[in-house]
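> Starting from these lines, generate the structure:
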Amino acid sequence: MRASAQETNAAQWLGSVPVPEFSAPATKEAWSRQRAQIRATLWTLLGDFPARPRVPNVTVLSRTEHDGYVLEKFTFGDGLGLTVPGYLFLPAGAKGRVPAILYCHWHAGQWNVGKEEMLQTNATPVAPGPTLARLGYAVLGIDACGFGERDGQGPAGAGEKGGAGELTSSKFSLWAGRTLWGTIVRDDLMALDYLCSRPEVDASRVGVTGISMGSTRSWWVMALDDRPRTAVCVGCMTRYQDLILAGSLKEHGIYYFVPGMLRHFDTEAVIACAAPRPMLFMTGDRDPGSPVAGIHNLEARVSPVYRLEGAGDAFVSIIYPDTPHVYLPAEWEKMVGWMDLRLRKGG
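You can find the predicted model right below:
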């Protein structure tokens with residue numbers, strides 16, 4: 001089939017940055033070395049950040065009892081001079097340590113929502129925080145930089161909110177030698193540090209999940225940290241070269257673009273770092289931010305790493321027909337079943 005003018009133009013741009021081919025090595029030992037190098041490269045690309053404390057210094061602002069769960073609101077400093085607010089949902093009356101989920105909210109241009117997504121149905125079929133807590137999980141989520149209570153907390157303060165604040169924060173981050181995406185992911189890892197430190201939580205049974213930006217946050221957390229046992233990612237299974245070829249760079253905001261990444265690898269290298277831990281991806285075939293050709297390319301490149309680790313069945317990608325960028329009730333039920341099997345039943 002003859003390439004369109006757009007595809008030809010995209011290929012010319014990609015030709016200026018030949019992306020090294022990623023493939024599974026011959027042995028687990030070789031993959032262990034390659035994985036360590038990928039992780040080190042990712043941290044270098046994300047930028048220059050101070051070391052995280054072992055556990056963030058958290059201030060609990062409130063603790064309220066609700067039907068089937070307890071809700072704590074807290075804040076911690078991220079070491080960059082920024083304050084990170086969050087919610088922790090705990091199952092009421094739980095005995096012993098419980099499994100836990102780090103919940104990552106989406107973007108969708110809803111800068112004013114952030115962690116409130118856990119109490120709403122703006123992104124999900126049900127309110128994730130109370131629903132999962134009533135099922136027996138501790139659930140923690142934070143406002144990503146520029147979202148929720150952090151909307152209007154960028155370099156220009158309250159006079160600049162939403163997309164303008166996000167853009168300014170991205171610009172400032174580049175001047176500071178780091179990326180906005182690095183700040184977002186590092187904050188998530190600090191939230192994970194706190195979640196794993198809670199006496200109510202079994203730190204050996206922690207998962208991570210989200211839709212859209214929350215999905216991307218989830219697979220980056222899995223790539224950079226070995227503590228999460230599993231992840232469920234809804235939407236945003238995005239391979240960047242295929243996104244460019246589809247003419248769909250406009251589908252993603254500036255917040256998650258990492259300078260220099262394609263000089264080293266595409267997203268298959270990031271996702272593969274999660275192996276052999278179970279990961280479920282669920283994507284609509286009409287989601288413009290995740291071209292189907294890219295999904296199939298990711299499947300073909302990540303699956304061999306899982307097979308090398310002896311965990312071929314642990315990497316699952318489902319493409320839902322005639323489905324845009326949404327969270328279907330059937331996907332929610334599958335996410336809960338996936339988490340239950342791997343965090344509650346020892347699968």
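
> just the strands in this protein please.
58-66, 69-77, 83-91, 98-104, 138-142, 201-211, 230-234, 279-284, 315-320 (DSSP state E).

> CA atoms only: put the fourth one into PDB for me.
If I follow you right, that is strand 98-104. Output of strand 98-104 as PDB, limited to C-alpha atoms (Å, rounded to 0.1, in the frame of the first residue of the first chain):
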ATOM      1  CA  VAL A  98      -4.100  -5.900  53.700                       C
ATOM      2  CA  PRO A  99      -3.200  -5.800  50.000                       C
ATOM      3  CA  ALA A 100      -2.800  -2.400  48.500                       C
ATOM      4  CA  ILE A 101      -3.200  -0.500  45.300                       C
ATOM      5  CA  LEU A 102      -1.400   2.700  44.200                       C
ATOM      6  CA  TYR A 103      -4.000   4.500  42.100                       C
ATOM      7  CA  CYS A 104      -2.800   6.900  39.400                       C
END
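
> so what does that strand touch, helix or strand wise?
Under the contact criterion of 3 or more CB pairs under 8 Å, 6 or more residues apart in numbering; DSSP states H and E, strand 98-104 touches helix 128-134, strand 138-142, helix 180-197, strand 201-211, helix 213-224. Every C-beta, even on glycine, is put in place using the N, C-alpha and C of the backbone.

> picking that back up, please tabulate the strands of the chain in TSV, including the columns mean neighbour count, distance to residue 126 and mean pLDDT.
Shown next, in TSV, are these (neighbours: other CB atoms under 10 Å; distance: least, CB to CB, whole Å; pLDDT from 0 to 100):
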stretch	mean neighbour count	distance to residue 126	mean pLDDT
strand 58-66	12	15	98
strand 69-77	19	13	98
strand 83-91	23	13	98
strand 98-104	27	12	98
strand 138-142	27	12	98
strand 201-211	23	13	98
strand 230-234	28	13	98
strand 279-284	25	16	98
strand 315-320	18	18	98
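
> Among those, which comes closest to residue 255?
Of all the strands of the chain, strand 98-104 sits nearest to residue 255, with 13.1 Å by CB to CB.

> In the sheet, which strands lie alongside that closest one, parallel or antiparallel?
strand 138-142 (parallel), strand 201-211 (parallel) (DSSP bridges).

> what sits up against the shortest one?
Strand 138-142 is contacted from outside by 84-91, 98-105, 114-115, 117-118, 128-129, 132-133, 187-188, 191, 194-195, 198, 200-201, using CB atoms under 8 Å, 6 or more residues apart in numbering.

> again with the longest one
Residues from elsewhere that reach strand 201-211, judged by CB under 8 Å, 6+ apart: 97-106, 123-124, 138, 192, 195-197, 215, 217-218, 221-222, 227-236, 327, 335, 339, 342-344.
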